[in-house]
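In: Test case, fold it:
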Amino acid sequence: MRGDHTLVVRQDNIGDVLLAGPCIRAAAAGSERVTVLVGPRGRAAADLLPGVDEVIEWEAPWIDPQPSWPGQAAVLDVVDRIRRRRIDRALILTSFHQSPLPTALVLRLAGVPWIAAISEDYPGALLDVRHRLDADIPESERALSLARRAGFDLPPGDDGRLRLRAALPDVSRHIGAPPYVVVHPGASAPARTPSRMWWTRVVDALVDGGHRVIVTGGADETALTRAVAADHAADLGGRTSLAELAAVLRGAYATVAPNTGAAHLSAAVGTPVASLFAPLVPVERWQPYGVRCVVLGDQRAPCRGTRVRECRLAAHPCLDAIEPEEVTTAVETLSTPVGLGNPR
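Out: All right, here's what the predicted structure looks like:
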């Protein structure tokens, strides 16, 4: 199937948009033009993806984790923005707990004639293809399966791993020369990352093991990164754009991170990940995709599958119980020059 203009929708966080990359590349292989519709939390990731010709940013109140109703005028505005682009077909990507149908209604109002999505809910006339999956598969493969159901596929030679545009900024002024390991302690949901004190112990253990450590984080995480880096590691908290963070990660021989966008960004540049994974969502779907990965954390903890954003326990047992030595062992395993990733 070939269409002049395809819209791919993924209105969620950075990691979710990165995981949509193979689906977007498949759509690009079968389209003259690809536009992606993303929320503000995922915009920076969309700008880094191959196959994207244009990005439309709009916060969907049925997707954002801290939603507010934008008002009728804002909804009509995005309808008009999509209508003016004369979209031929659309693929709506959502997580398993989200419904694509409100977005499909917006696209119908914008005159999009053909829409496909994964949906457990009865779509009526809102979808032309209602794709359903029973298997618990990685989120990136789940999205790609929708593209294939719609008639798209990856071009020859594309292995389906996560990928960024080739050009990334020069970050040598921030990091100097490799080798180093990146520690990224923050997460958009506090329940997905260990405590600050635990992170300081991990950095101490890595430094004691002879590793040069670079601590990264967003502009809203500078207090955390400063405390975690202390006097033992370089602190890049709040000092990098997403593209610069990708370049920092690309130069590392391993990344230590919770289930957050930086882990998926590391996968997108081919750097292996020691994944500190709280079982709030299925690890089979959301662990770093397509790179060497060591998953740490109690996947049978009582919080399994709850999707909570704040841990309700005084301690954080599913993650804080991980011994720092387990992390250093994982980093040593990942930094050996075999398989995927960047050898130490």
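In: Low-confidence stretches in the stretch 201-344 of the chain?
Out: For the stretch 201-344 of the chain, applying pLDDT under 70 flags the ranges 314-315, 337-344.
In: how about the strands of it, start to end?
Out: Under the criterion DSSP state E, counting those that start in this stretch, strands of the stretch 201-344 of the chain are mapped to 213-215, 234-235, 254-258, 273-276, 293-296.
In: and Ala26, which of these is closest to it?
Out: Closest approach to Ala26 among these is made by strand 293-296 (23.4 Å; Cβ to Cβ). For glycine as for every other residue, the C-beta is placed from the backbone atoms N, C-alpha and C.
In: Pretty sure Ile92 sits against Val9.
Out: Yes - judged on Cβ atoms under 8 Å, Ile92 makes contact with Val9 at a distance of 4.5 Å.
In: Mind listing the shared neighbours of those two?
Out: Both Ile92 and Val9 are in contact with Pro100, Thr103, Leu107, where contact means Cβ atoms under 8 Å, 6 or more residues apart in numbering.
In: Break the protein into its domains for me.
Out: Per automatic domain parsing, the domain ranges recorded for the chain read 3-149, 173-334.
In: hmm, back to that, can I get the strands of the stretch 201-344 of the chain in JSON lines including mean neighbour count?
Out: Listed next are these as JSON lines, based on neighbours: other Cβ atoms under 10 Å:
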{"stretch": "strand 213-215", "mean neighbour count": "25"}
{"stretch": "strand 234-235", "mean neighbour count": "18"}
{"stretch": "strand 254-258", "mean neighbour count": "29"}
{"stretch": "strand 273-276", "mean neighbour count": "29"}
{"stretch": "strand 293-296", "mean neighbour count": "20"}
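In: Mind checking those strands for the one nearest to His131?
Out: strand 293-296 (27.1 Å).
In: Who are the packing partners of the closest one?
Out: For strand 293-296, the elements it packs on are strand 273-276, helix 324-334, judged by 3 or more Cβ pairs under 8 Å, 6 or more residues apart in numbering; DSSP states H and E.
In: could you dump the shared contacts of Ile92 and Val9 to a markdown table with distance to Leu265?
Out: What follows is the shared contacts of Ile92 and Val9, written out as a markdown table (distance: Cβ to Cβ, whole Å):
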| residue | distance to Leu265 |
| --- | --- |
| Pro100 | 25 |
| Thr103 | 25 |
| Leu107 | 29 |
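In: What's the PyMOL line that selects buried ones from those residues?
Out: Buried subset of the shared contacts of Ile92 and Val9, written as a PyMOL selection, criterion 16 or more other Cβ atoms under 10 Å:
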select buried, resi 100+103+107
